[in-house]
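Enquirer: Here's my sequence, what's the structure:
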Amino acid sequence: MKVAFFLIPKNEVVFLTPKTSMRQALERMEHHSYSAVPLVDDQGCYAGTITEGDLLWKLKNTEGLDVGGMEKITLKDIACHVKNKPVRIDSRIVDLLSAASEQNFVPVVDDQGVFIGIVRRREIIEYCAELIRETESTGSRIEGG
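Expert: So this is what the prediction gives:
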């Protein structure tokens, strides 16, 4: 099995750029009901993950910041506290699973560091659940289960 099996390609992923304003980020995250999204730079490389928490910390720690002021702050000016580690598309599946155990989504990059999509932990869990259901329906026993 390969990382690509679980890949949600870039064209189906909501992502932002470091040049996105704080207000735009909040609105986009609210619209999609996401609490974290990947950042992709002008060269198409994965540049980090911005979270609601990062935006809230910036709001809390910037005296006098209002909605109008959030237009002037870009995401490159906001500290990212979550460090979602990317995996390469040619990574071993065990490396993907290791990253997914610590992150809700795992950014996937090519060998040049270019962002090509994400793998969500949800799809991995759903896949494993389906394997278990199939095993149970055939009467097979899963070791350790």
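Enquirer: what's the distance between Gly64 and Thr20?
Expert: 22 Å (Cβ to Cβ, to the nearest Å). (Glycine included, C-beta is placed from N, CA and C.)
Enquirer: Which one of the two is surrounded by more residues?
Expert: Thr20 (17 against 5; other Cβ atoms under 10 Å).
Enquirer: So which residues of this protein form strands?
Expert: For the chain, the strands defined by DSSP state E cover 8-9, 36-40, 46-51, 87-88, 105-109, 115-120.
Enquirer: for those strands, which one ends up most surrounded?
Expert: strand 105-109 (a mean of 24; mean count of other Cβ atoms under 10 Å).
Enquirer: by contact count, what packs against that strand?
Expert: Applying 3 or more Cβ pairs under 8 Å, 6 or more residues apart in numbering; DSSP states H and E, one finds that strand 105-109 makes contact with strand 36-40, strand 46-51, strand 87-88, helix 93-100, strand 115-120.
Enquirer: Could you export those as CSV, including distance to Glu27 and mean pLDDT?
Expert: As requested, these are arranged in CSV below (distance: least, Cβ to Cβ, whole Å; pLDDT from 0 to 100):
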stretch, distance to Glu27, mean pLDDT
strand 36-40, 12, 96
strand 46-51, 13, 96
strand 87-88, 30, 96
helix 93-100, 28, 92
strand 115-120, 21, 96
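Enquirer: Nearest to Phe6, out of these?
Expert: With respect to Phe6, and counting by Cβ to Cβ, the nearest of the helices and strands packed on strand 105-109 is strand 115-120 at 4.3 Å.
Enquirer: Which among the helices and strands packed on strand 105-109 is found nearest to Glu30?
Expert: Nearest to Glu30 among the helices and strands packed on strand 105-109 is strand 36-40 (11.4 Å), distances taken as Cβ to Cβ.
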